[in-house]
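**Q** got a predicted structure here, sequence first:
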Amino acid sequence: MAEREIRTRVAPSPTGDPHVGTAYQALFNYAFAKSRGGTFVLRIEDTDRARSTEASETAILDALRWLGLAWDEGPDVGGPHGPYRQSERTAVYREHVDRLLAEGHAYRCFCTRERLNALRTRQGASTGYDRHCRELDPVEAAARAAAGEACVVRMKIPTEGECVMHDLLRGGITREWSLVDDQVILKSDGFPTYHLANVVDDHLMGISHVIRGEEWINSVPKHLKLYEYFGWEPPVFCHLPLLRNNDSNKTKLSKRKNPTSIGYYRRAGFLPEALLNFLGMMGWVMPNGEEKFSLKEMVSNLELETISLGGPVFDTEKLKWLNGRYLRENLSADTLYDTLSGWALNREYLGKIIPLVQPRLETLADWGFLTAPFFADEVPVQAEDLVMKGKDQAELLTILQMTAWKLDEQRDFSAGAIETLFRELAEAFETKPRDFNVPFYVALSGSRVWTPLYESMEVLGSDMVRMRLRRALGVLGGVSGKKMKKLEKEYAARFGRRG
């Protein structure tokens, strides 16, 4: 058999800020493809129509370009296997679903959301689907669907036996088929789920190696079964270890404990070369043990089999140390001047800040004091300044923590949306908006006097705002243990379950 052309891909979902986990996976896919003279593909997986946005896609592409990860094929550069947005490939998926239905490998499911929810909560019942519609007559099912009855399409999974799969880093892995659900592959809105679209696209785009996070290992049996149904050769699977928070339990990296947006690190003054180098250190080391290395050096030395399975810790202090080395060792004075100018004095960013500052200027020297929080990672916050009229410290901690959770869920981070949220929260906590805002001025700027709060939060961005609130909570002693669980219950009672 002829050796396959090396083709890798990164396939982000445009549903939020560009995530460092996306950059981590993109880096290893890029480096492996380039090390073998192969092709690196960028595909946008935008089948979640409720959450996908054009703005998020643009931000992802911009962030990966900033890091220096150029793709050979993608939605903006084209290529022989397009389109590279899944939302533009629905006819392709429909064709493949019809084939599975015709060959008896899939079936239409008419179960309502209410029935499925009842199934999940029924005492003693499995959380998986009970295959209620699996034995429906296909002709009858097709007629019901044609008549307009809402349905999804599920793939048939064996009910007995084992799936034996191979991972490049872990070797053979066995899963009982009885533990694998009859996966939905086509939603009622006509869009595919990740599982079908992923397999169809990887095959049609000639992807030879699927290099992604280990959270997808449990999905491999479903994917292998689809490859089998279609009669296709599966790719090589390599599941990278998950990035971990630097906490006692080494939990999965999340925005609730760490800044996860690439944009945050760009805004906080990190160099793209340093951030890329740091991500390359996550689970892999250069053969000579050197921690500081370029993308070109990584390409020249990467062997996927040498990736460590130990959970790599995303330690921001280590990143700062590495970034400092780049600033001191890689940049001349002239280059540093140009880099600082591009970071701090670019017209786009200053254009957002000037309208907030200009009404408050008496001399040009006031610029420094008023704008310092826009150009800092951390701001000085004193516990005695974090106060809210009519609230004691325990109440303030509750308000700050619940507001932080609310901001975690806030998809629209415009000034108007933030103002609406804060007014609703002020009412919920029975305080005036002016009094409610005071500790947030302090947490975000280090002062009770600053530029307009909501507009300033929009400029800072969601990740920077969340990080500064976490630090302010830390200054007040934080919330942990039993108190945190109690607070989560109170939050659920007030605002519903955290999303």
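**A** Structure received.

**Q** ok, which stretches of the stretch 201-350 of the chain are strands?
**A** Listed in chain order, the strands found in the stretch 201-350 of the chain under DSSP state E, counting those that start in this stretch are 209-213, 236-240.

**Q** quick check: which helices or strands does the last one pack against?
**A** Strand 236-240 is packed against helix 20-35, strand 162-167, strand 209-213, with contacts defined by 3 or more CB pairs under 8 Å, 6 or more residues apart in numbering; DSSP states H and E. Any C-beta I mention is one placed from the backbone N, CA and C, and that applies to glycine too.

**Q** please state the offset of it from the chain centre?
**A** 19 Å (CA atoms, centre = their mean, to the nearest Å).

**Q** next, the angle strand 162-167 makes with it.
**A** 70 degrees (axes from the mean of the first three to the mean of the last three CA atoms, to 10 degrees).

**Q** pull the residues that contact strand 236-240.
**A** 24-25, 28, 165-170, 208-214, 216-217, 220, 283, 304, 307 (CB atoms under 8 Å, 6 or more residues apart in numbering).

**Q** please save the CA atoms from it in PDB.
**A** Extracted C-alpha coordinates of strand 236-240, given in PDB (Å, rounded to 0.1, in the frame of the first residue of the first chain):
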ATOM      1  CA  VAL A 236      -4.000   7.700  12.600                       C
ATOM      2  CA  PHE A 237      -5.400   8.900  16.000                       C
ATOM      3  CA  CYS A 238      -3.200  10.800  18.400                       C
ATOM      4  CA  HIS A 239      -4.900  12.300  21.400                       C
ATOM      5  CA  LEU A 240      -2.900  15.000  23.100                       C
END
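
**Q** so for it, what's the average pLDDT?
**A** Strand 236-240 shows a mean pLDDT of 98.

**Q** go on, the first one?
**A** Strand 209-213 shows a mean pLDDT of 97 in the predicted model.

**Q** who's in contact with that strand?
**A** So strand 209-213 is contacted by 6-9, 21, 25, 28-29, 32, 202, 235-240, 242, 304 (CB under 8 Å, 6+ apart).

**Q** what lines up beside it in the sheet?
**A** strand 236-240 (parallel) (DSSP bridges).

**Q** can you report phi and psi for Arg175?
**A** phi -130, psi 140 (degrees, to the nearest 10).

**Q** so Ser178 sits against Cys163, correct?
**A** No. Here Ser178 does not reach Cys163: they are 10.6 Å apart, not a contact under CB atoms under 8 Å.

**Q** these two: who's more crowded?
**A** Taking neighbours as other CB atoms under 10 Å, Ser178 and Cys163 compare with Cys163 leading, 19 against 13.

**Q** could you give the bridge partners of that one?
**A** Arg175.

**Q** how about the one 4 residues further on?
**A** Beta bridges link Asp167 to Gly171, Phe237 when assigned by DSSP bridges.

**Q** could you check how many residues crowd around it?
**A** Look at Asp167: counted by other CB under 10 Å, it has 16 neighbours.

**Q** swap in the one 3 residues further on?
**A** The burial metric for Arg170, expressed as a neighbour count using other CB under 10 Å, is 14.

**Q** give the contact list for it.
**A** Neighbouring residues of Arg170 by CB under 8 Å, 6+ apart: 239, 309.

**Q** pLDDT score for it?
**A** Reported pLDDT for Arg170: 96.

**Q** now it: how far from Arg154?
**A** Arg170 is 28 Å from Arg154, where distance means CB to CB, to the nearest Å.

**Q** now Arg108. Its backbone dihedrals?
**A** phi -80, psi 140.

**Q** just say helix, strand or coil for the closest residue to it other than its chain neighbours.
**A** Nearest residue to Arg108 in three dimensions, chain neighbours excluded: Ala141, at 4.2 Å (CB to CB, 6 or more residues apart in numbering). Secondary structure of Ala141, reduced to three states by DSSP: H, G, I helix; E, B strand; the rest coil: helix.

**Q** so what pLDDT did Ala141 get?
**A** The model reports Ala141 with a pLDDT of 97.

**Q** kindly report the same for Ala2.
**A** Reading off the model, Ala2 has pLDDT 56.

**Q** just give the number of residues close to Ala274.
**A** Ala274: 21 surrounding residues under other CB under 10 Å.

**Q** quick check: it vs Val285, distance?
**A** For Ala274, the distance to Val285 (CB to CB) stands at 17 Å.
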